[in-house]
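Trainee: got a sequence here, can you model it:
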Amino acid sequence: MKINHIPGESRGKGDHEWLKSRFSFSFADYYDPSRMGFGPLRVINDDWIAPGSGFPPHSHRDMEIFTIPLSGKLHHKDNTGKESVIGPGEIQIMSAGTGVTHSEFNDSETEPLNLLQIWIEPSIRGISPRHEEKSFPFLNEKNKLHEIINPTGESNALKIQQGAYIYLGTWNKKEEIKFHMHGANNGLYIFVIEGMISVGEVAANKKDALEVTQAENISIRVSENTFLLIIEVPNV
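Mentor: Presented below is the predicted three-dimensional model:
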């Protein structure tokens, strides 16, 4: 098993007054040739958007984009006529495919919005754009890893156009998670939203990440008050 520890403070930074961001991989004006992605995982942005502010209409293509609000509410609008507001416990995925234009704004005029936005390259390019979002009330069930995105959309998950599996979980006690990879060449990206974990002899704290490769079975030791995002991707 190979483990790469990425300290949260080593992430790239963006500050545009209305938007403060931390970049896990090279993005916008932040460029680090050693941080270009993890398999098809290309972006994990930790964004803070000021009240009443947001991203004006902009376009994407051939990318699987999913958004996880951590606090506050996100107002989404796109050129397909879709308009919605999502908050914590709700997740949005967009297959940009042949092209989609959308805007994303903080729905509040008084409270900041904090979200994670993740981009994963699709396994097939040129597909028709698709937008889906879902509420996950079971995320309130603690001390369990919940699958929220998978390649088929089965088990109440959102569907992604890639051989990737995405999980969220919150723990209020110490526990050991036994994780089994879906493929021999897959890698596991573990992002610690809150709390602390360890894999083998490697520990990770809040906003740190671990990249785990060359392993089929992984044991993740979770501390109290921990919130995790786990992404399994192929071809790492």
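Trainee: quick one, domains of the chain?
Mentor: For the chain, automatic domain parsing gives the domain ranges 11-136, 138-233.
Trainee: what helix or strand does residue 33 sit in?
Mentor: Per DSSP states H and E, residue 33 falls between elements, in no helix or strand.
Trainee: return the residues in contact with the closest residue in space to it that isn't next to it in sequence.
Mentor: Spatial nearest neighbour of residue 33, chain neighbours left out: residue 26 (7.6 Å); criterion: CB to CB, 6 or more residues apart in numbering. C-beta: built from backbone N, CA, C; applies to glycine. By CB atoms under 8 Å, 6 or more residues apart in numbering, the contact list for residue 26 reads 12, 32, 33, 35, 36.
Trainee: the spatially most central residue of the chain and residue 160, how far apart?
Mentor: The centroid of the chain falls nearest to residue 118 when counting by CA atoms, centre = their mean (4.2 Å). Look at residue 118 and residue 160: by CB to CB, to the nearest Å, they are 10 Å apart.
Trainee: which residues do those two both contact?
Mentor: Each of 66, 166 lies in contact with both residue 118 and residue 160 under the rule CB under 8 Å, 6+ apart.
Trainee: follow-up on the earlier one: counting by contacts, list what the strand or helix carrying the residue nearest to the centre of the chain packs against.
Mentor: Taking DSSP H and E as the definition, residue 118 sits inside strand 113-120. Applying 3 or more CB pairs under 8 Å, 6 or more residues apart in numbering; DSSP states H and E, one finds that strand 113-120 contacts strand 41-49, strand 64-71, strand 226-233.
Trainee: and which of the contacts of residue 26 is nearest residue 202?
Mentor: Residue 202 has its nearest neighbour among the contacts of residue 26 in residue 35, at 18.0 Å by CB to CB.
Trainee: residues in contact with the closest one?
Mentor: Neighbouring residues of residue 35 by CB under 8 Å, 6+ apart: 6, 12, 24, 25, 26.
Trainee: got the buried residues for stretch 176-186?
Mentor: By 16 or more other CB atoms under 10 Å, the buried positions in stretch 176-186 come out as 177, 179, 181, 186.
Trainee: I figured the third one hits residue 214, correct?
Mentor: Meaning residue 181. No. Between residue 181 and residue 214 there is no contact under CB atoms under 8 Å: 10.2 Å.
Trainee: measure residue 169 to residue 179 for me?
Mentor: Distance, residue 169 to residue 179, using CB to CB: 11 Å.
Trainee: who touches both of the two?
Mentor: Common contacts of residue 169 and residue 179, defined by CB under 8 Å, 6+ apart, comprise 145, 230.
Trainee: of the domains of the chain, which is nearest residue 2?
Mentor: So among these, domain 138-233 is nearest, using CB to CB, at 4.7 Å.
Trainee: that closest one - what's its average pLDDT?
Mentor: Per-residue pLDDT over domain 138-233 has a mean of 96.
Trainee: quick one: distance of it to the chain centre.
Mentor: Its chain's C-alpha centre and that of domain 138-233 lie 11 Å apart, by CA atoms, centre = their mean, to the nearest Å.
Trainee: kindly check the end-to-end length of it for me.
Mentor: Distance across domain 138-233, first residue to last, is 23 Å (CA to CA, to the nearest Å).
Trainee: since that was my last question, I'll sign off now.
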